[in-house]
Each structure stands twice: as C-alpha cells, then as structure tokens.
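Novice: below are the sequence and a predicted model for it; my questions follow.
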Amino acid sequence: MNHIQGSLIYEGKAKRIFACENPDRVLIEFKNDATAFNAKKRSQIEGKGRLNCKISTALFELLELNGIPTHFLELHSETFMFAEKISVIPLEVVIRNIATGSLCRETPINQGTILSPPLLDLYYKDDELGDPILTEERLKLLDLISDVQMKEIEKITRSVNKILKEYFDSLDLLLVDFKLEFGTNSSGELVVADEISPDNCRFWDKKTSDPKERILDKDRFRQDLGGVRDAYEEILKRIQKDSSNAP
C-alpha cells in the first residue's frame, strides 16, 4: 500500500501532490478551492474536491477503456487518487467544439457557433505570464516538445474529444470545450494528466435552452451565477446513473 510520506511535492490552485513509497507513483489530493481569472478570484466550495476527484476518476477510466493513456492508476479515497509520477509538459491544450469564452472575446465569432472541425488551441502553462496562447512558431521557439510529440498530442486530444463528446451526448450534455494537460511517465510514454472535470471542461445541459441555466461547469463561478456545487453534482449524478445502467 502506498501512503503519503508527508512530502508535499507540489501545490496548485486546485490540487496537492504528495510523494508515495513507490517513487513512480504520486498521490493527488483534490481541494475545495475555486479560482478563476488566473486566481484573481478565489473562494471555497464545500465538496468540490470530492466531486472533481470522482468525476475525473470516472472519465480517466473511460479513456483508458478506449485506449487513451492517462496518468490515473486508482482511486484512493473520496478526494485522493493515485497517479503515475510524470514529467509535466508546460502546455495547456484546449479543444473547442462550440464558440464561447475567450474565443468570442478575442474574435468576431458569435457565441454558440459550432466549430467544425473543432478548434485546437495551445497555451504556455505559466501563471506569471497569464498562460499566453502559442503560435506554431512560438512553440518551436520555446522548444517545449518535439514535432513527433506535438503530432501525438494533437492525435490524442482529438481522440479524447470524440470519445467524450459522444459520451456526454448520451448524458444529454454538450461538451462545449475542455483543457487537457500532458506529461511523460518513467517509460517515456506520453499520457493525459491533471484532471477532467467541470473545472476544466464546459458542459451545457441539452435539457434547457436558457443560456445561464444550461451551464454546468466553472463558468457558474466565473459569472457569479451561483449553484456551482449543484452543477458539479449534476455532472457526477449523470455519470453515475450511466454507470449503474451499464451491462
């Protein structure tokens, strides 16, 4: 059994990472902290860590079943999961199926426009710099990853999008956009890392057309809509209902 060694490796805005007895493993704790606008807006939402941990676990398991390599190993408790220790690639990979958020602020594209094919954006993961968007030339200039790795990241991201879009469609949810992070494990394999939850995905409820009521993700916190925990609970409830109906 791998236990927390009392050694905190890293603490981010929403998670803490601890060392394990097995040096190739880490234990990830999901916190109740809610942040937005590069942590300029902060709050605590009771139960958020538990919800994101359970949602991420279910979605990592779904991806693994579909042949997508992830860092996830197993659930430890309601707010902790075991994962492979990885070397994090400082990239945020965002794929957009429907135009909203920064895309609509920065371009003349109208809110709600279906993007076909889905738009893939890359951002440099650096809070002090505000996670700036990267062009292909800037990516090469920074020498963060090889061309082969970039092609693999795009291939994996588009595969993940297809899997998750179809899955959430079956739950009466639109997967508007989401962010993935990647790393390499001790074998040098490229894996999906971090989390997949309403913190880094946008979900719209297909059961309502109201532009505010349909939001079931962190935009409720960003936009001061209230009901953040209820929205996250709804995502988990639909996932668990689907699991209970599985053959």
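Specialist: Structure's in. What do you need?
Novice: and stretch 219-237, how far from the chain's centre?
Specialist: 15 Å (C-alpha atoms, centre = their mean, to the nearest Å).
Novice: can you give me phi and psi for Asn185?
Specialist: Asn185 has phi and psi values of phi -90, psi -170 when expressed as degrees, to the nearest 10.
Novice: who's in contact with it?
Specialist: 24, 71, 84-86, 191 (C-beta atoms under 8 Å, 6 or more residues apart in numbering). Yep, even glycine has a C-beta here, placed from its N, CA and C like the rest.
Novice: who's the closest residue to it other than its chain neighbours bridged to?
Specialist: Nearest residue to Asn185, sequence neighbours excluded (C-beta to C-beta, 6 or more residues apart in numbering): Glu84, at 4.7 Å. Beta bridges link Glu84 to Arg25, judged by DSSP bridges.
Novice: how about the one residue sitting closest to the centre of the chain, secondary structure?
Specialist: The chain has Ile196 as the residue nearest its centroid, 3.3 Å off, counting by C-alpha atoms, centre = their mean. Three-state call for Ile196 (DSSP: H, G, I helix; E, B strand; the rest coil): coil.
Novice: show the contacting residues for it.
Specialist: Counting by C-beta under 8 Å, 6+ apart, Ile196 has contacts 55-56, 59-60, 63, 164, 178, 180.
Novice: give me that answer again for 7 Å
Specialist: 56, 59-60, 178 (C-beta atoms under 7 Å, 6 or more residues apart in numbering).
Novice: one step back: okay, now the residue nearest to Asn185: neighbour count?
Specialist: For Glu84, the neighbour count with other C-beta atoms under 10 Å is 21.
Novice: likewise the one 3 residues further on?
Specialist: Neighbours of Ser87 under the rule other C-beta under 10 Å: 11.
Novice: Tyr124 now?
Specialist: 17.
Novice: for it, give me the pLDDT.
Specialist: Looking at Tyr124, its pLDDT reads 98.
Novice: over to it: give its phi and psi.
Specialist: Backbone phi and psi, for Tyr124 under degrees, to the nearest 10, turn out to be phi -80, psi 120.
Novice: what does Lys48 give?
Specialist: Taking degrees, to the nearest 10 as the convention, Lys48 sits at phi -60, psi -40.
Novice: all helices of this protein, in order?
Specialist: 48-65, 102-106, 136-142, 147-170, 219-222, 228-244 (DSSP state H).
Novice: quick one: end-to-end length of stretch 214-230, please.
Specialist: Stretch 214-230 has an end-to-end distance of 12 Å (C-alpha to C-alpha, to the nearest Å).
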